[in-house]
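Colleague: I would like to see how this sequence folds:
(chains A and B)
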Amino acid sequence: MSAIELERVTKRYPDGTLAVDDVSLSIEDGEFMILVGPSGCGKSTTLRMIAGLETVTAGRLRIAGAVVNDRPPKDRDLAMVFQSYALYPHMTVAKNMGFALRLAGVDRRRIQGQVHDAAALLDLLEHLDRRPAQLSGGQRQRVAMGRAIVRDPKAFLMDEPLSNLDAKLRVQMRASIARLQRRLGTTMVYVTHDQTEAMTLGDRVAVMNGGVLQQVASPKELYERPANAFVAGFIGSPPMSFFACPVDGGRARLPFADVPLPDRLRRAALRARGAVVVGVRPEAFEDAALVGDRPGCRFEAEVELVESVGADVFVHLAAQADGAGLAAPGPVVARLGGDTAIREPGRARLWLDAERLHLFDAATGSALER
Amino acid sequence: MIVARRETWVARGLLIALMAVTIVPFVSLFTTALHESGTYPDGISWPSDPHWENFLDAFRVAHMGELLWSSTLIVLGVVPVSLLIGTMAGFAIGHLRMWGSRLLFLLFVLGLTLPFEGIITPLYYQMRDFGLLNTRWAIILPLIGLFMPFAVFWMRAHFVNMPDELSEAARMDGANTWQLFWRIHVPLALPAISSLAILLFLWTWNQFLLAIVLVDDPAKRTMAGALGAFQGQWGTDMPLLCAGSLLILTPTLILFVVFQRRFVAALLQGSLKG
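Modeller: Numbers count the residues shown, from 1 in each chain, chains lettered A, B, ... in the order given. So this is what the prediction gives:
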């Protein structure tokens, strides 16, 4: 059993800064858990507390059932991959990978065997005698991974391990990390600010903001049923647009159209005591000409900008999303199929799937339809 | 980088002038050393009959063979211990940042401002009370202490720039503080340690004041202390003194030639991001 459990964990620095506020999170044995959030949200601090590199101010931290609050990193049997890789510059790749085993007093031949196996898994066999300075960024990243897996630890902790790689290599390494985790079946806690990594890698994703855990759910659930406006705005690219919007007679009065709400959302709007905020994802729109007679709201709108990225076309409407105090105001973006005929700014006929609207409480930002 | 021609010539002119200022004393030393023993030559002049045997005489008169051995013993007593303590203290202050390290560092920096000559009298009494006067320990022990502010300052400057993640990675790999120091940080600090070793060697080798004041027996002094042998009650034998000075300089010059690159690196340490 190597589950990791955070029970009301808080981290307050000596200067009074509250980095992590009362976080409870249960990471199961063999699970791939992603901690995601904007810069300064407390995700790295949480990971460092799990690692033992930061002390826990309050709450309990359990690894494999044992409370480890006061255990130093070396006694937690965890391996960590750092953003900067933190390879030992004076050691060869083989020595970097075998360092932990040497410290543990494992005999030389076994170290060689384990380093060889890990290097084979990561395609590093021909680089074993090189030093980190002689390797490319991707190879260094693999050495850092190798250093972690060679020990067969209880869990892997990864602190934005791909953020120093170029876009193409990042996609490759993302896939290999996913394969590796599935193959090894070891618990993994992975910190990133990149939502694509979060959505593609994790079994579950924990979204943090301002030191507070916002939601823990599968990527699909996070996307489809965000717990609040922060999660809804953070997950998805381009982000969801928010409108402070009166709901009259079951219709949401958006700046570009009056959208009749389905019953589920109508009931949710009624439950809200105060004002309601409507959230619309770019994916909820489509070119009206492409959807045939599918139920939904058809409307004409002024298009300001059209961006084609091949498979999709992003259309910026002239109407602005006001953000409703929950997000920054910005243009309303619609994501249309690549075969849309809308290619130029001007008047365009669009379609909106009312089933995919989200409603939030204007005062608290909590989702209303959950 | 494109530099204007005039700028290049000005730079060359300045370099030549600086070189001349550096070399003239050596030339003067050398020509004087070749004059007849007991004379007082004027300025820089090549003697009609160069007395090369002056070097041999100086070596014999000042018992340089014994002093070479004595200097070596003193250097071996001072440099390794200073390096060890300086490196460990620099690591603790610069990288581990233990409680009170700022205050401790401030104390060491204050030590840097202490004039060496100012403490020679108390040192004399202290060494006398320890019963160490007239032994090599009277040079070795004070020198270790006197070098500490600089050694700690130097090594701290290195360790303070080492990324924390390196130590964190080692701790995750299972290293305790001792292993972190010896297995990760000492190998990475070798350039800084070797630069410091060269500087400490030079300062120990050239140590004159402590040797003259605390050790009466000339055979237990440093090479530089041997210069006292040429100073008589009635006068100073200039040619022999100059020959002796050049002999004393020789090991330092050899060291400089061998470690030339390291010297420059030592002087530039910290001026550029590594």
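Colleague: quick one: pLDDT of the residue located most distally from the centre of chain B?
Modeller: The C-alpha centroid of chain B is most remote from residue B:172, which lies 39.8 Å away (C-alpha atoms, centre = their mean). Here, the pLDDT recorded for residue B:172 equals 94.
Colleague: give me the nearest residue to it, chain neighbours excluded.
Modeller: Excluding its sequence neighbours, the residue lying closest to residue B:172 (C-beta to C-beta, 6 or more residues apart in numbering or on different chains) is residue A:80, at 4.6 Å. (Glycine included, C-beta is placed from N, CA and C.)
Colleague: likewise for residue B:251?
Modeller: Nearest non-adjacent residue to residue B:251, counting by C-beta to C-beta, 6+ apart: residue B:205, 6.8 Å away.
Colleague: phi, psi for the residue nearest to residue B:172 please.
Modeller: Dihedral pair for residue A:80: phi -130, psi 140, per degrees, to the nearest 10.
Colleague: could you check the pLDDT of it?
Modeller: 95.
Colleague: quick revisit: which residues does the residue nearest to residue B:251 contact?
Modeller: Contacts for residue B:205 (C-beta atoms under 8 Å, 6 or more residues apart in numbering or on different chains) come out as B:71, B:75, B:222, B:223, B:224, B:251, B:252.
Colleague: so how far is chain A from it?
Modeller: Distance of residue B:205 to chain A, given as C-beta to the nearest C-beta, to the nearest Å: 30 Å.
Colleague: tell me how far whichever strand or helix holds residue A:145 lies from the chain's centre.
Modeller: Under the criterion of DSSP states H and E, residue A:145 resides in helix A:137-149. Centroid separation for helix A:137-149 versus its chain: 22 Å, with C-alpha atoms, centre = their mean, to the nearest Å.
Colleague: by contact count, what packs against it?
Modeller: Here helix A:137-149 touches strand A:78-81, helix A:93-103, helix A:108-121, helix A:167-184, going by 3 or more C-beta pairs under 8 Å, 6 or more residues apart in numbering or on different chains; DSSP states H and E.
Colleague: and the third one, what's buried?
Modeller: Using 16 or more other C-beta atoms under 10 Å in any protein chain shown as the burial criterion, the residues of helix A:108-121 that qualify are A:111, A:114, A:115, A:116, A:118, A:119, A:121.
Colleague: give me the element residue A:253 is part of.
Modeller: According to DSSP H and E, residue A:253 maps onto strand A:251-254.
Colleague: helices or strands up against whichever helix or strand comes after that strand?
Modeller: Toward the C-terminal end, the helix or strand that comes next after strand A:251-254 (DSSP H and E) is strand A:257-260. Contacts defined by 3+ C-beta pairs under 8 Å, 6+ apart place strand A:257-260 against strand A:251-254, strand A:297-308.
Colleague: most tightly packed of those?
Modeller: Scoring the helices and strands packed on strand A:257-260 by mean neighbour count under mean count of other C-beta atoms under 10 Å in any protein chain shown gives strand A:251-254 as the most buried, with a mean of 19.
Colleague: could you give the mean pLDDT of that one?
Modeller: According to the model, strand A:251-254 has a mean pLDDT of 87.
Colleague: kindly report the same for stretch B:201-209.
Modeller: Averaging pLDDT along stretch B:201-209 gives 86.
Colleague: give me the distance between it and the centre of its chain.
Modeller: Chain-centre distance of stretch B:201-209: 5 Å, with C-alpha atoms, centre = their mean.
Colleague: in it, which residues are buried?
Modeller: Neighbour counts over stretch B:201-209 (16+ other C-beta under 10 Å) mark B:201, B:202, B:203, B:204, B:205, B:206, B:207, B:208 as buried.
Colleague: tell me which parts of the stretch 151-300 of chain A are close to chain B?
Modeller: residue A:151 (C-beta under 8 Å from any C-beta of the partner chain).
Colleague: the same query, at a cut-off of 10 Å, please.
Modeller: Proximity of the stretch 151-300 of chain A to chain B, by C-beta under 10 Å from any C-beta of the partner chain, involves residues A:151, A:153, A:157, A:159.
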